[in-house]
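structure for the following, please:
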Amino acid sequence: MVHNLIKSKIIIVDATHTKSHYNHKKLQEVLQERSKALRKTIYQYSEDMKTTFLKKPQKDNLEAELTYTQELMAAVEKHETLLTLPAISQKFNYLKESVEDDLEHLEVSVKEEARVGHKTSETSFYGYKNHIGITDERIITACVVISGEQSDGKYLPSLYQNTKEAGVDIETIIGDAAYSGKGNIQLAYNEKIHLVSKLNPSVSKGHRKEEEQFEYNKDAGLFVCLEGHMAVRKARTGKKNQKKNRVITHYFDIETCKVCPSKEGCYIDGAQSKTYSITIKSGKYLFWKRF
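Numbering: from 1, shown residues only. As a prediction, this is how the structure comes out:
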């Protein structure tokens, strides 16, 4: 600001993807590797245990792997003499730790802050998102780094506030559809600035329930839950040009929901599906659409 390099009062906001240097593994893979290591170590001391352990799970999903792992640990605990051997007890405790601790994070890595995000509905990445505010002069005024699974739009207030604190005058903010949620529109209205952004479907297509629990990923065109799990497909019901509201329903992977650490209040045990719907308004748009 001292050298008067910034003359425009326009800030462009966007997010870039950064891949993590570390490897990413799903919990199912971690359980398989650690249970295999435990069995292999036990067989070195007692081959007879091969007839004691249950067969490996036939179903290839996390729930089946968790059940098998718990049954494996229960079988080992019945043979206390084995657990007195340091090599076995170490592998056993390592596996037990993965069930008790890593279950809280459906996807495990050696670096906790990195998470799986989505560039499109078919393409994911493991790492971080860098939210950036930049002027017409290509000068970065603010940057917020977050884990990869989080949506873009909710960080506009931070970019705006950090840019203001840097002494930059702002009259207009330009961003894609990720930044046009109701909260950001309200911020622009309160601050008396212009927000140039294609309307987010959560605004232009109607109201939705549990607004704080699901966020729209504009790159994939699907909703994502708080745990970072994206809907696997979506379907539209109702007919066009009817007085009744139409609904877009997003469907989530039921196997993931069954073992999700945040399933309480979200997924009902025994349910055959987990969906999230938004209603498309049949009448005139509300204030947000007029904005």
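
and the residue of the chain positioned farthest from its centre, how close does it get to L95?
In the chain, counting by CA atoms, centre = their mean, D48 sits farthest out from the average C-alpha position, at 44.1 Å. Going from D48 to L95 by CB to CB, to the nearest Å gives 20 Å. The way it works is simple: take the backbone N, C-alpha and C, and place the C-beta from them, glycine included.

all the strands of the stretch 151-291 of the chain, residue numbers only.
172-174, 194-196, 214-217, 222-225, 233-237, 246-252, 274-280 (DSSP state E, counting those that start in this stretch).

out of the ones you listed, nearest to E100?
Checking the strands of the stretch 151-291 of the chain against E100 by CB to CB gives strand 222-225 as the closest, at 23.1 Å.

restrict that closest one to CA atoms and write it as PDB.
This file holds the C-alpha atoms of strand 222-225, laid out as PDB (Å, rounded to 0.1, in the frame of the first residue of the first chain):
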ATOM      1  CA  LEU A 222     -23.000 -32.900  -5.600                       C
ATOM      2  CA  PHE A 223     -23.400 -32.400  -1.800                       C
ATOM      3  CA  VAL A 224     -20.800 -33.400   0.700                       C
ATOM      4  CA  CYS A 225     -21.500 -34.300   4.400                       C
END
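
what mean pLDDT does that strand get?
What strand 222-225 shows for mean pLDDT is 84.

what is that strand packed up against?
In terms of contacts (3 or more CB pairs under 8 Å, 6 or more residues apart in numbering; DSSP states H and E), strand 222-225 is packed against strand 214-217, strand 246-252.

show me how far the shortest one is from its chain's centre.
When distances are taken as CA atoms, centre = their mean, to the nearest Å, strand 214-217 is centred 9 Å away from the chain's centroid.

what residues sit buried inside that strand?
Within strand 214-217, the residues that count as buried by 16 or more other CB atoms under 10 Å are 214-217.

mind listing the strands it pairs with, and their directions?
Strand 214-217 pairs in its sheet with strand 222-225 (antiparallel), by DSSP bridges.

chain center to the partner strand: distance?
Counting by CA atoms, centre = their mean, strand 222-225 comes out at 8 Å from the chain centroid.

domain parsing of the protein, as residue ranges.
Following automatic domain parsing, the chain resolves into domains at 1-20+117-197, 24-109, 199-291.

bridging residues for M230?
V224.

my error: substitute V144 in the last question.
Judged by DSSP bridges, the bridge partners of V144 are H131.

let me see the contact set for it.
Contacts for V144 were tallied using CB atoms under 8 Å, 6 or more residues apart in numbering; they are 130-131, 155, 158-159, 162.

would you reformat the residues you listed as CSV and include pLDDT?
Listed next are those as CSV, based on pLDDT from 0 to 100:
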residue, pLDDT
N130, 84
H131, 86
Y155, 85
S158, 91
L159, 91
N162, 91
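
is it possible to get a markdown table of those residues that adds distance to V247 and neighbour count?
Output for these, formatted as a markdown table (distance: CB to CB, whole Å; neighbours: other CB atoms under 10 Å):
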| residue | distance to V247 | neighbour count |
| --- | --- | --- |
| N130 | 35 | 14 |
| H131 | 31 | 23 |
| Y155 | 29 | 23 |
| S158 | 33 | 15 |
| L159 | 33 | 24 |
| N162 | 38 | 15 |
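
L31: which of those is nearest?
N130 (32.5 Å).

what does stretch 250-264 contact?
Contacts to stretch 250-264, defined as CB under 8 Å, 6+ apart, come from residues 61-63, 66, 103-106, 214, 222-223, 225-227, 229, 231-235, 266-267, 269, 271-277.

apply 7 Å and report the result again.
Stretch 250-264 has contacts (CB atoms under 7 Å, 6 or more residues apart in numbering) with 61-63, 66, 103-104, 106, 222-223, 225-227, 229, 231-234, 267, 272-276.
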